[in-house]
Every structure is written in structure tokens, then in C-alpha cells.
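A.B. asks: Got a predicted structure plus its sequence, pasted below:
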Amino acid sequence: MRFIYHFLISFIACLLLTVVLHGKTTTVTSSSAFSTAVQNANPGDVIVIKNGTYTDFGHKTIDCEGTSENPIIIKSENKHGAVICGGRFTVTGKYITFKDLRSQNAAITFTISGSYIQVTGCYFSNNANDVIVIKNDQNLIPKYNSIDHNEIIHFKKMAILIRVNNVNQYPQHNTIEYNSIIDQIASGENADSLRIGTGTPKFAKLRLYTKIRYNYFEKINNCNEAISIKSSANNLIGNVVKNSLAGIWIRKGEDNIVEDNWIEDSDEGILVLGNNNRIMNNVVINSKYGIQLPYGQGYDLAVDRIPAPNNCIVANNTIYNCSNYGLYMSLWKNRDDWENNWPNEGRISDKPPKDNLIINNIIQGSVGTLFDNDNATSQNDITHQILYTTGSNYGYSGPNVIKHDPQFRSPPNDFYLKSSSPAVGSSRKVNPHVTSDDRGAIGDYPRGLKG
């Protein structure tokens, strides 16, 4: 009997605990009911916004707090069934998940200053301003937020912005992954579609540790930058940019990793400024530019608006059929009109890329110049490239250059190398080894990403 008694007590306690952990589900059908549900939310609660179109949500502050085991979930009744027109959420709480909502015709949809916030499976369209902004607010420092599996369509300014405005308090360890960002409206406002950091030089060395992974960008035509990095220690892995004026730009910062990205039928390719950045195993095809290492105003991240690339690694990339330049090191040479952009800071860009390692890249094309190194061999370690053209537009001819068909299996869709490729076994190992996400060291020609 005693055993049965203790078993029943334990069983009832588990049931009660389960009820507490899972919280309650509240379905709302109006703006006021939503506000009440948020004010009364406890860990594990689920707030369901019933299918329909809501035009009166206005500006909502979401300051409730869940826990790591029991986040508060705010979701649409059915995926994208709850349509919020013109609404704006300022999120200052913790452990909150926004799921499957649809937002349209808004200004800023989300401003996130809280931590452990997830925005997932949502659909945003026709935003007149930035769509999702992560930034610190007073004593709130946003960390470990996730923006994932969303669609951001037909927007005017930035789709996602991580803003920095304080050298002592700034966002860190946020993740942006598996989003589709498509059709940025050409408004002439020069807004990047995804920006990490702020352009002021004093913020350039701040280490944000942002993960930007496996996002898809198309028709980004409002500026040069689909992804713009203006901070340090960020990872850009496996992103795709297609049919755009824009590319991937490391505008400033250090210790950023750009790896396994694919850019196709776009203008800008990959542009690298700053110190100690790693550009590895990317593919740029059928674009105007492949990879650009421009001139800058100097080499000091804390001072220079345009810091020339210094001590960077550009390795194991595939550049195929770029119409202007495959690898370009003369961009902005002696440019003197920066003062128009930044009064009192716009010095001439007369400092060349230096102390960079450019190694094991394959550049093939029938138009444009394959490699313009601006006679910078003495200031950089440039070696072991494979260049191939049916014309005479090699540009660079330096040590250990192989001028031979690299023998891709089936370009432009399959850049794996045939076993008979001259690239097999001919690369130079990179020392010291450089790793990203513990996925192994550089030391071979491109792995051959598939589009």
C-alpha cells in the first residue's frame, strides 16, 4: 500500500508540473485582447492570433518573459493566416517566439532589444522602412536572438539590421539563417538588405559574433550590398545571392569569415576591406566582379572609413565567367571624392591591399580580366592560382600560376573537379591552418560547390 501511495503522489505531482510547464493557450481576435494576453503571459503560454486581417494593432511593446525550457509563443492560427497591417512590435522581453505571422504595409515590424527572441516562419511584404532591427536600448543588450525561416518580400530599406550605437553595450551572438530576402525596391536610398554593425570607425572592432547562414537573396537592387558587414568576428556561411546588383561586402572589421557562399548573375561579387578576414571556398559566377580587394585610406580600423584589406586570406574560391574582373585589386585606387560622403573623414584612398594571402583560387572566363593584381605581388603573398581563358585576358602572371582548363565537371551548375583536373594535388597548404566552425583547414583547391 505504501508503494502505491507514493506512486500516486508522484504521478499527481508530475501531472501538476506538466500543466505548469506547458502553460495555457489563449486565442485572441482583436488588438486589445492581444495586449491583455501579452500582459498576463507566463512561461509556457501560447497566444494564438486568429486568422484574419488586423489593421488596428499599432505599436505594441512585448515585455513578457518565458524561460529557456518554456518560451512564450505568439503565433498565427494557421501559417500566415493572421495578417497584421501596419503593426509594429517592440520586443524587450526574453524567451519569446513569434511564429507564422504575416506582416504587410508596415514601417518597422520588429525592433528587438530583448534576448532569446525567435522570429520564425513569418512573411513580411511591402515594408516602407527596415523590417527587423536588433539593437540595444538603454540597459537592454540583445543576445542569442534568432531570425530564421522567414520570407521578406518587396521591401524598401533594410530587411534585417543589427545596429550598434554604444561601444560598451552592443548586440552579440545573434543568428540569421534560412531566410528568403527577395525584391528590394530600388528607391535610391542606398540601404543594404542585411547589415551587421554601423559605419562609424569606432565601432569596427566590436566583436558581434553574428551567424549569417544559408540565406537566399534575389533582386537586391537598391545598393551594392546584399550583406554588409561593418563589425568584427561574424560568420557568413552558405548564403546565396542571385540576379542582383548587390553582393557580399566586408566594409570594415576584422576576423570575419566568408565561406561556402554562392553568387550568381549579380554585379558585385565579394568585396573585402579590413583586417584578418577570411574569404574561402566561395563561388562567384556570371557576375561583373568576382572578388575585390580595394585600395583604402589606411589600415587602422578605428580611424579609417575605408580600411584597406590587410592580412586577409583569399583561398580556394571559384570565380567563373565574370565580365569585368575575376579578382580585382585596383578598385578605388587614388579615389578622392570620399569627402562627399563623409565630411572631414573622406581622405583619398591611396593605400593598397597588403600582407594578404591569395592562394589556391580558380579563375576561368572568356570575357573581362581574370586577375588584376595592380603589380602588388611584393606587398602580398599571391601564389598557386589556376587561370584559364580562351582569350588573352589573364592579367596577372606570377609564381606557380597554372594556365590550364581546371576541368570542372559540368559548369555552371557543378563545379566539382574531375579527377584529371590539374588542381588535384597541386595546391599549397596554408600555414597556419585556418578553421571555421571546426570544419577543417584550408589546404586544397575549391571543393566545388553546387548551385
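C.D. replies: Noted; the coordinates are in hand.
A.B. asks: Extract the residue ranges of the stretch 1-150 of the chain that are flagged as low pLDDT.
C.D. replies: Using pLDDT under 70 as the threshold, the predicted model of the stretch 1-150 of the chain has low-confidence ranges 1-22, 107.
A.B. asks: What ranges does it have for its strands?
C.D. replies: Listed in chain order, the strands of the stretch 1-150 of the chain (DSSP state E, counting those that start in this stretch) span residues 25-28, 46-49, 52-54, 59-62, 72-76, 82-85, 88-91, 94-99, 102-104, 110-112, 115-120, 123-125, 132-135, 146-148.
A.B. asks: Would you give the sheet partners of the fourth one, along with the direction of each?
C.D. replies: In the sheet, strand 59-62 lines up against strand 88-91 (parallel) (DSSP bridges).
A.B. asks: just the third one next, same as before
C.D. replies: Strand 52-54 pairs in its sheet with strand 82-85 (parallel), by DSSP bridges.
A.B. asks: so of the strands of the stretch 1-150 of the chain, which one's packed in deepest?
C.D. replies: The highest average neighbour count among the strands of the stretch 1-150 of the chain, using mean count of other C-beta atoms under 10 Å, belongs to strand 110-112 at a mean of 25. C-beta here means a position set from N, CA and C on the backbone, and glycine is covered the same way.
A.B. asks: Now distance to D192 too, for the strands of the stretch 1-150 of the chain, in TSV please.
C.D. replies: Formatted as TSV, the entries for these read as follows, by distance: least, C-beta to C-beta, whole Å:
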stretch	distance to D192
strand 25-28	35
strand 46-49	31
strand 52-54	30
strand 59-62	25
strand 72-76	28
strand 82-85	25
strand 88-91	21
strand 94-99	23
strand 102-104	20
strand 110-112	17
strand 115-120	19
strand 123-125	17
strand 132-135	13
strand 146-148	15
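A.B. asks: Among these, single out whichever gets nearest to W338.
C.D. replies: Between W338 and the strands of the stretch 1-150 of the chain, the tightest spacing by C-beta to C-beta is seen for strand 132-135, at 26.7 Å.
A.B. asks: Would you confirm that N361 contacts I382?
C.D. replies: No. Judged on C-beta atoms under 8 Å, N361 makes no contact with I382 at a distance of 9.6 Å.
A.B. asks: In PDB, please show the C-alpha coordinates belonging to stretch 29-39.
C.D. replies: Taking C-alpha atoms only, stretch 29-39 is exported to PDB below (Å, rounded to 0.1, in the frame of the first residue of the first chain):
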ATOM      1  CA  THR A  29      -9.400  38.100 -32.100                       C
ATOM      2  CA  SER A  30      -8.600  41.800 -31.500                       C
ATOM      3  CA  SER A  31      -5.800  44.200 -30.800                       C
ATOM      4  CA  SER A  32      -7.000  44.800 -27.200                       C
ATOM      5  CA  ALA A  33      -7.300  41.100 -26.500                       C
ATOM      6  CA  PHE A  34      -3.800  40.600 -27.700                       C
ATOM      7  CA  SER A  35      -2.400  43.300 -25.400                       C
ATOM      8  CA  THR A  36      -4.200  41.800 -22.500                       C
ATOM      9  CA  ALA A  37      -2.900  38.300 -23.300                       C
ATOM     10  CA  VAL A  38       0.700  39.600 -23.500                       C
ATOM     11  CA  GLN A  39       0.400  41.500 -20.200                       C
END
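A.B. asks: Check which residues of that stretch are buried.
C.D. replies: Residues of stretch 29-39 classed as buried by neighbour count (16 or more other C-beta atoms under 10 Å): S31, F34, S35, A37, V38.
A.B. asks: The strands of the stretch 1-150 of the chain: which one's closest to D300?
C.D. replies: Proximity to D300, assessed across the strands of the stretch 1-150 of the chain by C-beta to C-beta, is greatest for strand 132-135 (26.0 Å).
A.B. asks: got the buried residues of stretch 29-39 as JSON lines, with distance to G197 columns?
C.D. replies: As requested, the buried residues of stretch 29-39 are exported to JSON lines (distance: C-beta to C-beta, whole Å):
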{"residue": "S31", "distance to G197": "35"}
{"residue": "F34", "distance to G197": "33"}
{"residue": "S35", "distance to G197": "34"}
{"residue": "A37", "distance to G197": "35"}
{"residue": "V38", "distance to G197": "31"}
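A.B. asks: and which of those is nearest K157?
C.D. replies: Within the set of these, S31 lies nearest K157; the separation is 25.6 Å, counting by C-beta to C-beta.
A.B. asks: check contacts around that closest one.
C.D. replies: Applying C-beta atoms under 8 Å, 6 or more residues apart in numbering, we find S31 in contact with Y54, D56, F57, G58.
A.B. asks: show me the contacts for the second one.
C.D. replies: By C-beta under 8 Å, 6+ apart, the residues touching D56 are S30, S31.
A.B. asks: Any figure for the gap between it and E177?
C.D. replies: Applying C-beta to C-beta, to the nearest Å, one obtains 33 Å for the distance of D56 from E177.
A.B. asks: and what of the last one?
C.D. replies: The spacing between G58 and E177, counted by C-beta to C-beta, is 30 Å.
A.B. asks: Please apply the same query to N316.
C.D. replies: With distances taken as C-beta to C-beta, N316 is found 23 Å from E177.
A.B. asks: So which of these two has more stuff around it?
C.D. replies: The residue with the greater number of neighbours, taking N316 and E177 and applying other C-beta atoms under 10 Å, is N316; the counts read 23 against 17.
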